[in-house]
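**Student:** For reference, the sequence and a predicted model appear below.
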Amino acid sequence: MMKQWPPDYDHSYFPPMSSKFWFEDLETMDPEEREERIILPKLQAQLTYAYERSPLYKKKWDLARVKPEDIRTLSDFEQIPFLTKEEIRQDQKENPPFGSNLCVSLKDLARVQGTSGTTGKPTAFGISKGDMERIAEAHARTMWGFGVRPEDMVFIGSFFSLYWGSWGALLGTERLGAVAFPFGAGVAGQTDRAIEWMKEVKPTVFYGTPSYSLYIAEKAKERGVDPARDFNFRILFFSGEPGAGVPSTKKRIEETYGGICIDAGSTAEMTPWMSNCECEYRRGMHLWQDIVYAELVDPVTKKRVPYGKEGVTVYTHLERTSQPMIRFWAGDISMWVNDPCPCGRTYPRLPRGIYGRADDMFIVRGENVYPSAIEDAIRGIKGFGDEYRIIITREKTMDELIVQTERAKDIHSEEVPQLKKKLEAELKARGLRAVIQILEPDSLERTEFKAKRIIDKRSLYDDLIRKT
C-alpha cells in the first residue's frame, strides 16, 4: 500500500465534511494488517535511509551488530538499540550545531527549532521542507480526529519560540483550512489582553498548557467574566504537561469552559508533536502508529510490555528525513491498551494519558509517587484552587512529603480544617502520607508555560550531612 517513502501527501485533499476520519481506511484498518502493509514498510525504509545518511546511527548500529536488512518483522525491531537525550546532546556537542544525525543538507532546511534546555543543554532540531509539510499533515489529521473543522478559529495561547507545541498547532490549523489566532504567551499583560480578545473575537478552539488555561479562567473570573458564558470554546486541546489526562483536571477544565478537553502531545524530539492524541470521545490518547511508531517497554528489562501493562514510551519516526529519532527513549510513564474505541479507530491507546515521567517520579519512604496522582486528588475536591506544590524534605533519615495548595477564593478560612482532612484522607487512600499546607489564594506563583511544581530538597540535607 505504501507507494513511496517518504510519503508525498496531496495537500489539496480534504476528507468529506461529514466524516470523522481524515483517512478512514487507514485509521480503521485491522491493526495486524496495518502493521504488515503500512508500518513495517515505512519502518524498513526509515531504517535504511537513516543508516545510509546518519553517521550517528551507522556507528551505533554497527556496534550493536544490527543492520536495516536484519529487521524483517516488528519483533526484529527490538534489536535496534535505544537512543537517549544524553546521546543526542553529546553528539551535538561533538558535531555542532545539529549533530551527526542531520540527514539533509543545510539548504534543504525550512526551520530550526529546539528544546528549552530546562533539564540540560538545549537540543537543536533542523527540520527539512518536506518534513514541515508532513508535520502539518499529521497535525491536521489528529486535530480533525478530535473535531476541529475549517470553520473553526484556533486560539494558540502558548509561547512561539523554540517550543514545538505552538508551531505544531499552527501548522495543523493552517493545513486544516481553519482560522489561526496565534496569540502567544509570556508578554507582560498578555493574560488580560487574552481575556479581552477571547470575549470579542470568540475563537472556538483553544491550545496551550492545562495550567495556563486554568490561570486564564481564574483571572477572567476576577474581572467578572465567565469563561463558559462569555467565551466560545467548544474544544480545548493541550500538551506540555500531563494535566489534560488527569481525570479531575480534565473535568475542571470542561466545567470551567463548557468545551471538551483533549489530551495531546509527546515530546519535542518526536514532532509531529501530536502523534499521541485523543479523539473526540476522550478515552485516552491514540498512538497514531503509522506516523510515529510507539512502544511501551519495561524500564528494567527493556523489553516491550504487553497491552494492559505499564511501561516507558519509546518512539520512532516513520516519515522524517531531517533528524529522524529511532527507538528514542522518551522517558514517559504510561499504560497502553488495544481495546475498541467508540470512534472506530484501531490504534492502541494510553487510557490514562501520560501520567508521569521516569525522571519526574520520586520515591518517598519506598513508595513510587507520580505528581499526577497528587494533582488528581487536589483537583477532585471542591474548595481548592488550581495551583499546588510538592516539596520533599528529609529529616534525619526519614523522608517527608509536603503538599502545598490554596483554598479557593469562595472558601472561608473556617472551612480550611475540613478541606485539609479531606485531602489527607484522599492521599492516604492512594497510599500517600503527606503534610498538608493550605495557603491563601494567589500565594503560589503562576506560569504561562509548563508549571514547575516539584521541589526536592533532600539533596540539600544529604550535602549538609556530608559536610558535617
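**Tutor:** Thanks, I have it. What you see is a predicted model; the values in this text were computed from it and never measured.
**Student:** Spatially central residue for the chain, please.
**Tutor:** For the chain, the residue nearest the mean C-alpha position is Gly265 (3.2 Å; CA atoms, centre = their mean).
**Student:** ok, that one - contacts?
**Tutor:** Shown here is Gly265, whose contacts under the criterion CB atoms under 8 Å, 6 or more residues apart in numbering are Gly165, Phe238, Ser239, Gly240, Trp273, Met274, Asn276, Cys277. Backbone N, C-alpha and C define where each C-beta goes, glycine included.
**Student:** so can I have JSON lines of those residues showing neighbour count, secondary structure and pLDDT?
**Tutor:** Formatted as JSON lines, the entries for the contacts of Gly265 read as follows, by neighbours: other CB atoms under 10 Å; DSSP: H, G, I helix; E, B strand; the rest coil; pLDDT from 0 to 100:
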{"residue": "Gly165", "neighbour count": "25", "secondary structure": "helix", "pLDDT": "90"}
{"residue": "Phe238", "neighbour count": "28", "secondary structure": "strand", "pLDDT": "96"}
{"residue": "Ser239", "neighbour count": "30", "secondary structure": "coil", "pLDDT": "92"}
{"residue": "Gly240", "neighbour count": "25", "secondary structure": "coil", "pLDDT": "83"}
{"residue": "Trp273", "neighbour count": "28", "secondary structure": "coil", "pLDDT": "87"}
{"residue": "Met274", "neighbour count": "32", "secondary structure": "coil", "pLDDT": "92"}
{"residue": "Asn276", "neighbour count": "33", "secondary structure": "strand", "pLDDT": "96"}
{"residue": "Cys277", "neighbour count": "27", "secondary structure": "strand", "pLDDT": "97"}
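**Student:** and these, which two are the farthest apart?
**Tutor:** Spanning the widest gap among the contacts of Gly265 are Gly240 and Cys277, at 13.6 Å by CB to CB.
**Student:** re earlier: which one of the contacts of Gly265 is nearest to Leu40?
**Tutor:** When the contacts of Gly265 are compared against Leu40 (criterion: CB to CB), the nearest one is Asn276, at 20.6 Å.
**Student:** show me the contacts for that closest one.
**Tutor:** Residues touching Asn276, when contacts are defined by CB under 8 Å, 6+ apart, comprise Ala264, Gly265, Ser266, Met285, His286, Leu287, Trp288, Val292, Ala294, Leu350, Ile354.
**Student:** Recalculate using a threshold of 6 Å.
**Tutor:** Listed by CB atoms under 6 Å, 6 or more residues apart in numbering, the contact set of Asn276 reads Ser266, Met285.
**Student:** Which SSE is immediately downstream of the lengthiest strand in the chain?
**Tutor:** Taking DSSP state E as the criterion, the chain has its longest strand at strand 384-395. Proceeding C-terminally, strand 384-395 gives way to strand 398-407 as the next helix or strand, assigned by DSSP states H and E.
**Student:** Stretch 88-100 spans what distance, first to last residue?
**Tutor:** Separation of the first and last residues of stretch 88-100 by CA to CA, to the nearest Å is 9 Å.
**Student:** Next: stretch 428-445.
**Tutor:** Using CA to CA, the gap from the first to the last residue of stretch 428-445 comes to 27 Å.
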